[in-house]
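Enquirer: fold the stuff below for me.
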Amino acid sequence: GTAFLRATPVEVAQADGVRMYLPLLDGSDEVGVLALTLDTVDDDDRRLLRRLASLVADILVTKHAYTDRFFQARRREPMSVAAEMQWSLLPPLTMSVPQVAVGGAVEPAYGIAGDSFDYALNDNILHAAVIDAMGHGLDAATMATVAVGAYRHARRAGINLPETYRYMDQAIAEQFGPDHFVTAQMMNLDITTGLFQWVNAGHPVP
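Expert: Next up, the predicted model:
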């Protein structure tokens with residue numbers, strides 16, 4: 001687990017050689033760990049293995065949309081339909097540049113429904129939102145999907161935070177009526193100046 005948690009190669013001496021664990025990185029997003037055993041390892045091997053790990057990570061990221069095998073290999077138990085929807089909606093779980101790092105997760109991983117998050121780094125502005133749709137199951141997952149879709153649409157249209165909130169609220173109200181709701185926190189962070197702006201839409205405060 002060290003190679004994944006620290007995103008650094010790990011070497012373990014064994015009776016039959018050296019076991020290498022190499023993090024598979026898509027930028028700063030960790031997509032897995034490559035493990036292999038060599039008789040011996042020198043600096044040339046380490047350099048080539050880092051390149052191999054980078055290539056394997058690129059293959060996993062670019063080809064995962066064409067097959068279910070990568071998803072199936074990662075899973076340890078059945079996933080609910082609501083969780084399937086939410087995981088397909090999430091952005092990469094980590095993103096890092098010199099000025100800022102973003103990390104997110106959702107739990108329980110195999111049974112989430114209305115919880116979601118989204119972010120994007122556009123020029124010097126980091127946009128991020130945490131969303132929680134009421135209820136459980138498919139209804140909550142569907143509401144969260146609409147909320148994230150409305151958030152992305154407004155963000156990509158260059159709409160400011162208060163208007164984004166109103167846009168999302170309108171989308172939820174028109175689709176689900178007054179008896180359903182989604183709470184959210186949305187923020188913009190200027191990563192060059194540190195200016196932080198946020199809107200709380202009925203969510204617990206940070």
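Enquirer: low-confidence regions, this structure specifically.
Expert: The chain contains no residues with pLDDT under 70.
Enquirer: how about the strands in the protein?
Expert: With DSSP state E applied, the chain shows strands at 10-14, 17-26, 29-38, 94-97, 100-103, 115-122, 125-133, 182-190, 196-201, listed in chain order.
Enquirer: same for the second one, what does it pack against?
Expert: Applying 3 or more Cβ pairs under 8 Å, 6 or more residues apart in numbering; DSSP states H and E, one finds that strand 17-26 makes contact with helix 2-6, strand 10-14, strand 29-38, helix 43-63. C-beta coordinates here come from the backbone N, C-alpha and C atoms, glycine included.
Enquirer: now tell me what touches that strand from outside.
Expert: With contacts defined as Cβ atoms under 8 Å, 6 or more residues apart in numbering, strand 17-26 is touched by 2-4, 6-13, 30-41, 49-50, 52-54, 56-58, 60-61, 92.
Enquirer: what do you get if the cut-off is 6 Å, keeping everything else the same?
Expert: 3, 7, 9-12, 30-39, 41, 49, 53, 56-57, 61 (Cβ atoms under 6 Å, 6 or more residues apart in numbering).
Enquirer: mind giving me the ChimeraX select for those, buried ones only?
Expert: Buried residues among the contacts of strand 17-26 (16 or more other Cβ atoms under 10 Å), as a ChimeraX selection:
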select :3,7,9,10,30,31,32,33,34,41,49,53,57,61
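Enquirer: quick check: closest non-adjacent residue to residue 200.
Expert: Closest residue to residue 200 apart from its sequence neighbours, by Cβ to Cβ, 6 or more residues apart in numbering: residue 185 at 5.5 Å.
Enquirer: go on, residue 39?
Expert: Residue 39's closest residue in space is residue 17 (Cβ to Cβ, 6+ apart), at 4.6 Å.
Enquirer: can you check residue 111 too?
Expert: Nearest non-adjacent residue to residue 111 (Cβ to Cβ, 6+ apart): residue 80, at 5.2 Å.
Enquirer: what do you get for residue 70?
Expert: In space, residue 70 is closest to residue 64, 4.7 Å off (Cβ to Cβ, 6+ apart).
Enquirer: the residue nearest in space to the middle of the chain - nearest residue in space that isn't next to it in sequence?
Expert: Centroid-nearest residue in the chain, with Cα atoms, centre = their mean: residue 93, separated by 2.4 Å. Excluding the flanking residues, the one nearest residue 93 by Cβ to Cβ, 6+ apart is residue 104, at 5.6 Å.
Enquirer: and the gap between the one you found and residue 130?
Expert: According to Cβ to Cβ, to the nearest Å, residue 104 and residue 130 sit 8 Å apart.
Enquirer: quick one: closest of the helices and strands packed on strand 17-26 to residue 116.
Expert: Checking those against residue 116 by Cβ to Cβ gives strand 29-38 as the closest, at 17.3 Å.
Enquirer: could you spell out the sheet neighbours of the closest one, each with its direction?
Expert: strand 17-26 (antiparallel) (DSSP bridges).
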